[in-house]
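*Asks:* Sequence first, predicted model second:
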Amino acid sequence: MRIDVVTIFPEFFDVLDISLLGKARQSGLLDVSAHNLREYTHDRHRTVDDTPYGGGAGMVMKPEPWGEAIDELLGDATPERADASAPLVIFPSPAGEVFTQKMARELAHREHLIFGCGRYEGIDQRVFDHVATRAEVRLVSIGDYVLNGGEVAVMAMIEAIGRLIPGVVGNPESLVEESHEDGLLEYPSYTKPAEWRGLEVPPILLSGNHKAIDAWRREQQLERTRRVRPDLLRAETPEKAETAEA
Ligand SMILES: Nc1cc(-c2ccc3ccn(Cc4ccc(CN5CCCC5)cc4)c3c2)n[nH]1
């Protein structure tokens, strides 16, 4: 998968050279490049923002630099050739659809993602409207709180998507049994020692009875999800809610 990120803080993404994603990049599974939006300005001050039409606090990002940056990254992509290799352009936004594990799984199959990191009070709307005539565009929120820009959101999405790409995470098994993979929260985990500061590991986990252990873990997931995230049980698959009520 190729990932391009447009930002006024390209050095922000240097951290991707370390950790899990660092290895994936070396192995060629994941190719992440950060591009400085200011490289697409032509004035002496490399201006990327200006005051908002209609007034209001703060500054808005100018459309021209964004247009040139995304033109370069889209190359000759056109909607007519929309297939798995077609680039998807994602702009983090507080007004976007919420990023979920389901979306991460879907995006892990795409061949080319382009992320546009806004700053200030956001990007001129015409950028989204124009790019949408050339490629699929999505505004995506990582949660109901306001960040100072898109970079942290893009970092979170790259990690959530990147770890789902086959070969990136050492033990693919670990991707199946994690929170939100089955729409429920994860069960509690334990490791040695069997007793720590007077706290014991649930005996079932030491029993070796894997059928009983799986049942116990499923019940723990349902109980934790009912308690912490009842909204997940009202989600799309009725059978989940059914087992939750059982
Ligand atoms: N999940 C999530 C994503 C983000 C996010 C993503 C991109 C940008 C780019 C700039 N900002 C800061 C920022 C500050 C103020 C407003 C609200 N203003 C009110 C009137 C016009 C706008 C919006 C945006 C971002 C924030 N935050 N949270």
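*Replies:* Nice, I can see it. All of these numbers come straight from a predicted model, not from anything done at the bench. Numbering: from 1, shown residues only.

*Asks:* and E72, what does it touch?
*Replies:* Y40 (Cβ atoms under 8 Å, 6 or more residues apart in numbering). For glycine as for every other residue, the C-beta is placed from the backbone atoms N, C-alpha and C.

*Asks:* Quick check: phi and psi on it?
*Replies:* Here is the backbone geometry of E72 (degrees, to the nearest 10): phi -60, psi -40.

*Asks:* Can you dump the C-alpha atoms of stretch 149-163 in PDB for me?
*Replies:* Provided in PDB are the C-alpha atoms of stretch 149-163 (Å, rounded to 0.1, in the frame of the first residue of the first chain):
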ATOM      1  CA  GLY A 149      -5.000  19.900  12.900                       C
ATOM      2  CA  GLY A 150      -5.200  16.600  11.000                       C
ATOM      3  CA  GLU A 151      -1.800  15.200  11.700                       C
ATOM      4  CA  VAL A 152      -2.600  13.300  14.900                       C
ATOM      5  CA  ALA A 153      -5.800  11.900  13.300                       C
ATOM      6  CA  VAL A 154      -3.800  10.700  10.200                       C
ATOM      7  CA  MET A 155      -1.200   9.100  12.500                       C
ATOM      8  CA  ALA A 156      -4.000   7.200  14.300                       C
ATOM      9  CA  MET A 157      -5.500   6.100  11.000                       C
ATOM     10  CA  ILE A 158      -2.200   5.000   9.500                       C
ATOM     11  CA  GLU A 159      -1.500   2.900  12.500                       C
ATOM     12  CA  ALA A 160      -5.000   1.400  12.700                       C
ATOM     13  CA  ILE A 161      -5.000   0.600   8.900                       C
ATOM     14  CA  GLY A 162      -1.300  -0.400   8.600                       C
ATOM     15  CA  ARG A 163      -1.500  -3.000  11.300                       C
END
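
*Asks:* In it, which residues are buried?
*Replies:* For stretch 149-163, the neighbour count (16 or more other Cβ atoms under 10 Å) marks 149-151, 153-155, 157-158, 160-163 as buried.
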